[in-house]
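K.L.:
A structural model of the following input is requested.
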Amino acid sequence: MFKEKHYYGAFMLSEEKIATNILADRLELLEHAGIIWKTVDPSHASKFIYRLTEKGIDLVPLLVDIIVWSSKYDDKTAADFKFVKKALKDRENVIDKIREKLIAELKTSTDI
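P.N.:
As a prediction, the model looks like this:
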């Protein structure tokens, strides 16, 4: 949602260093919950592209609030402080911009 990652390999390179079996299980869980959907990459038939669904996009406000909360209470947070500052100043605008971008991406990806 925030890092614009759509491929399994990109998720594997994330700073979280998640194990492959855990990542695969979580992606499957998110897909079954209707938060993400996967489709075959038209340029690489052996790869999948993972995208947020409308249900997943509806989590934006919650996740913005969690990021702001973690910046306040977690000494080891990975929160981007510029983002936090913007969210504290104008939360609704930050949420609207993220949602607009994700919805446009969803519409584009479903037109493929």
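K.L.:
Show me what the helix or strand that contains D25 is packed against.
P.N.:
D25 belongs to helix 20-32 when assigned by DSSP states H and E. Using 3 or more CB pairs under 8 Å, 6 or more residues apart in numbering; DSSP states H and E as the contact test, the elements touching helix 20-32 are helix 8-12, strand 36-41. Using the backbone N, CA and C atoms, a C-beta is placed for each residue, glycine as well.
K.L.:
What average pLDDT does it get?
P.N.:
Across helix 20-32, pLDDT averages out at 96.
K.L.:
Can you show me the CA trace of that helix as CSV?
P.N.:
Only the C-alpha atoms of helix 20-32 are listed here, as CSV (Å, rounded to 0.1, in the frame of the first residue of the first chain):
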residue,chain,number,x,y,z
THR,A,20,9.3,-17.3,2.4
ASN,A,21,6.8,-19.8,3.9
ILE,A,22,5.4,-17.1,6.2
LEU,A,23,5.1,-14.6,3.3
ALA,A,24,3.4,-17.2,1.1
ASP,A,25,0.9,-18.0,3.9
ARG,A,26,0.2,-14.4,4.6
LEU,A,27,-0.4,-13.5,0.9
GLU,A,28,-2.8,-16.5,0.6
LEU,A,29,-4.6,-15.4,3.8
LEU,A,30,-4.9,-11.8,2.5
GLU,A,31,-6.2,-13.1,-0.8
HIS,A,32,-8.8,-15.4,0.8
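K.L.:
chain center to it: distance?
P.N.:
Taking CA atoms, centre = their mean, to the nearest Å, one finds the center of helix 20-32 at 14 Å from the center of the full chain.
K.L.:
Now do the helices in this structure.
P.N.:
Assigned by DSSP state H, the chain shows helices spanning 8-12, 20-32, 54-57, 60-73, 81-89, 91-110.
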